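*Asks:* Compute the structure for the input listed below.
(one chain, ligands or ions: 1)
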Amino acid sequence: MKKTFLFKQAKISYTDKGKGNTIVFLHGFPESKEIWKELSLKLSRKFRIITMDLPGHGSSDCIGYVHSMELMAECVKALLKKLRLRKVILVGHSMGGYVALAFAELFSDNLKGLCLFHSTALADSEEKKKERDRAVAAVKKNHKSFVRQIVKKLFTPVNLKKLKLKVQLLQRIAEETPKQGIIAGLEGMKERRNREVVLKFAPYPVLFIAGKKDPIIPLESIKEQANLPEYSELLILKQSAHAGFYEQPLETFEAIRGFSVSAFKKS
Ligand code: MLT
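*Replies:* As a prediction, the model looks like this:
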């Protein structure tokens with residue numbers, strides 16, 4: 001069931017299903033909690049599953065003009081506080097992973113495990129920052145055509161044809177993201193810090209899920225980051241670009257389930 005709560009006077013939408021140890025899912029940019037629908041339904045047979053729309057996405061309101069990763073991490077923390085949840089596993093897709101890392105830096109006591117799903121602890125390069133500025137200008141002109149281009153990069157060329165319904169679904173979600181939410185997300189990602197140190201000193205296990213054909217988060221850099229934490233696992237999705245939850249749903253489900261079972265067993 002969809003629920004809401006208030007964070008800094010903004011309405012934030014979330015879902016809460018199942019019982020037991022809790023996994024919280026954070027979507028990427030410009031997505032919504034809908035991307036986790038099938039996966040969360042399957043996992044909710046064994047875990048309590050929370051999904052939420054980050055500020056400026058899905059049914060959640062915007063909070064000003066820059067959604068920093070720290071601001072969004074505080075929003076996640078506010079939800080945990082409201083639900084009286086102390087220890088959870090955070091799974092973040094891409095931008096959701098940047099938010100999960102900011103959360104880990106601020107509230108590491110609340111974590112039993114962290115999953116970076118097509119995500120990275122690196123900050124934007126100077127070139128990437130310039131690209132974000134160009135993206136903001138393009139969004140101001142025509143945000144629908146901008147998001148259509150983004151969604152095409154999320155799938156491999158084969159999957160773009162094979163998974164037409166999923167492509168259309170992501171297209172719809174992206175097109176429904178308000179202009180202010182898109183710009184605030186781009187600005188927030190542009191100013192985010194490098195958080196490799198969070199991985200290096202992580203007292204909890206970290207699962208990396210990488211797409212072999214991901215044009216946004218290069219696999220080689222994830223392989224290096226997977227060496228940083230004391231306990232880490234790396235799943236390489238060979239047939240995926242940036243949307244493994246749709247491109248290889250079974251492998252994704254099994255990896256997150258197995259990782260979560262063992263992370264919750266660790267004292
Ligand atoms: C995402 O999927 O969340 C974004 O593509 C991440 C990014 O642009 O860095």
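*Asks:* so who does residue 37 touch?
*Replies:* Contact analysis of residue 37 by CB atoms under 8 Å, 6 or more residues apart in numbering lists nothing. All C-beta spots, glycine's among them, are computed from the backbone N, C-alpha and C.
*Asks:* Got the phi and psi for it?
*Replies:* Per-residue torsions, residue 37: phi -50, psi -60 (degrees, to the nearest 10).
*Asks:* Report the buried residues of stretch 108-124.
*Replies:* For stretch 108-124, the neighbour count (16 or more other CB atoms under 10 Å) marks 110-124 as buried.
*Asks:* Report the secondary structure element holding residue 120.
*Replies:* Residue 120 belongs to no helix or strand when assigned by DSSP states H and E.
*Asks:* Hmm, it is touching residue 220, no?
*Replies:* No: look at residue 120 against residue 220 with CB atoms under 8 Å: they stay out of range, at 11.2 Å.
*Asks:* tell me what the helix or strand harbouring residue 262 is packed against?
*Replies:* Per DSSP H and E, residue 262 falls inside helix 249-265. When contacts are defined as 3 or more CB pairs under 8 Å, 6 or more residues apart in numbering; DSSP states H and E, helix 249-265 packs onto helix 37-43, strand 88-93, strand 111-117, strand 206-211, strand 232-237, helix 244-247.
*Asks:* tell me the mean pLDDT over that helix?
*Replies:* Helix 249-265 comes out with an average pLDDT of 98.
*Asks:* What residues of the longest helix anywhere in the chain count as buried?
*Replies:* If you go by DSSP state H, the chain has its longest helix at helix 126-153. Neighbour-count burial for helix 126-153 flags 132, 135-136, 138-139, 143, 146-147, 150-151 (criterion: 16+ other CB under 10 Å).
*Asks:* of those residues, closest to the ligand?
*Replies:* When the buried residues of helix 126-153 are ranked by distance to the ligand (CB to the nearest ligand atom), residue 150 comes first, at 6.8 Å.
*Asks:* quick one: the residue nearest to residue 257 when sequence neighbours are not counted and residue 176, what's the gap?
*Replies:* With sequence-adjacent residues excluded and distances taken as CB to CB, 6 or more residues apart in numbering, residue 257 is closest to residue 43, at 6.3 Å. Distance, residue 43 to residue 176, using CB to CB, to the nearest Å: 25 Å.
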